[in-house]
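Student: no FASTA, just this:
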């Protein structure tokens, strides 16, 4: 009963949270739902990945499938079913734009799903920093929001001296079709240095050409 409902709604190897299970099993009491969960875990048809996080496993040539922390973070704090409500923060942004080549052990997320300015949690022993979004992140503004976060903390000297960084940012602006309207709609929610960095780097002019 439980597994068939979860399979129909979520499929295999996707993070499923306790609240998802309650929602799928509304016709049962919480006590009975916890019994279903315990029985499924015992039968190994459901795996408890971390506190409040489960998934339906599959068998691979290397054994039972395993989730990653990033998959859990992505579904809970960044996007689900086509809806976008968060972005990865500083560490991933710097890596994606070649400002750093070090794969971060700490995951930082900026998300609509966090009510505090900043909070640290752990998922399977890995530190996750959650930051409250400055304004609602949506499918329409997440690319411009990412660019604004980048220039909020960028080292302009490094930007000017590294042609690969400049090229990666230019390619991103063109690929995502980021225009002036998208940038200015976010400007009041960011520190003044963000727009100053965009202007002094010349990127603001490039965006105006889109």
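Tutor: It's in. Just so you know, these numbers come straight off a predicted model, no measurement behind them. Numbers count the residues shown, from 1 in each chain.

Student: care to break the chain down by domain?
Tutor: 2-64, 69-208 (automatic domain parsing).

Student: low-confidence ranges in the chain?
Tutor: For the chain, the stretches flagged by pLDDT under 70 are 210.

Student: can you give me the helices in it?
Tutor: Along the chain, counting by DSSP state H, helices occupy 2-10, 18-24, 30-43, 69-73, 90-96, 142-153, 156-161, 163-176, 180-187, 192-201, 203-208.

Student: need those helices in a markdown table with distance to residue 129 and mean neighbour count, can you?
Tutor: In short, each C-beta sits where N, CA and C put it, glycine included. Listed next are the helices of the chain as a markdown table, based on distance: least, Cβ to Cβ, whole Å; neighbours: other Cβ atoms under 10 Å:
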| stretch | distance to residue 129 | mean neighbour count |
| --- | --- | --- |
| helix 2-10 | 27 | 14 |
| helix 18-24 | 22 | 15 |
| helix 30-43 | 29 | 13 |
| helix 69-73 | 11 | 19 |
| helix 90-96 | 9 | 18 |
| helix 142-153 | 13 | 21 |
| helix 156-161 | 23 | 13 |
| helix 163-176 | 23 | 14 |
| helix 180-187 | 21 | 16 |
| helix 192-201 | 20 | 16 |
| helix 203-208 | 26 | 16 |
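
Student: got these as a markdown table, with distance to residue 52 columns?
Tutor: Output for the helices of the chain, formatted as a markdown table (distance: least, Cβ to Cβ, whole Å):
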| stretch | distance to residue 52 |
| --- | --- |
| helix 2-10 | 15 |
| helix 18-24 | 5 |
| helix 30-43 | 11 |
| helix 69-73 | 10 |
| helix 90-96 | 24 |
| helix 142-153 | 26 |
| helix 156-161 | 40 |
| helix 163-176 | 34 |
| helix 180-187 | 33 |
| helix 192-201 | 35 |
| helix 203-208 | 41 |
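
Student: For residue 121, which of these is the nearest?
Tutor: helix 69-73 (9.6 Å; Cβ to Cβ).

Student: which residues touch that closest one?
Tutor: Residues from elsewhere that reach helix 69-73 (Cβ atoms under 8 Å, 6 or more residues apart in numbering): 14-15, 49-50, 53, 107, 109, 123-124, 126, 128.

Student: out of the helices of the chain, nearest to residue 136?
Tutor: Judged by Cβ to Cβ, the one of the helices of the chain that comes nearest to residue 136 is helix 142-153, at 9.7 Å.

Student: What is the closest one packed up against?
Tutor: Counting contacts by 3 or more Cβ pairs under 8 Å, 6 or more residues apart in numbering; DSSP states H and E, helix 142-153 packs against strand 86-88, helix 90-96, helix 163-176, helix 180-187, helix 192-201.

Student: tell me the contacts of the spatially most central residue of the chain?
Tutor: Centroid-nearest residue in the chain, with Cα atoms, centre = their mean: residue 78, separated by 3.4 Å. Taking Cβ under 8 Å, 6+ apart as the contact definition, residue 78 lies against 84-88, 109, 111.

Student: For those residues, give me JSON lines that also has distance to residue 101 and neighbour count.
Tutor: Shown next, in JSON lines, are the contacts of residue 78 (distance: Cβ to Cβ, whole Å; neighbours: other Cβ atoms under 10 Å):
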{"residue": "84", "distance to residue 101": "27", "neighbour count": "17"}
{"residue": "85", "distance to residue 101": "29", "neighbour count": "18"}
{"residue": "86", "distance to residue 101": "24", "neighbour count": "23"}
{"residue": "87", "distance to residue 101": "20", "neighbour count": "23"}
{"residue": "88", "distance to residue 101": "16", "neighbour count": "22"}
{"residue": "109", "distance to residue 101": "21", "neighbour count": "21"}
{"residue": "111", "distance to residue 101": "26", "neighbour count": "20"}
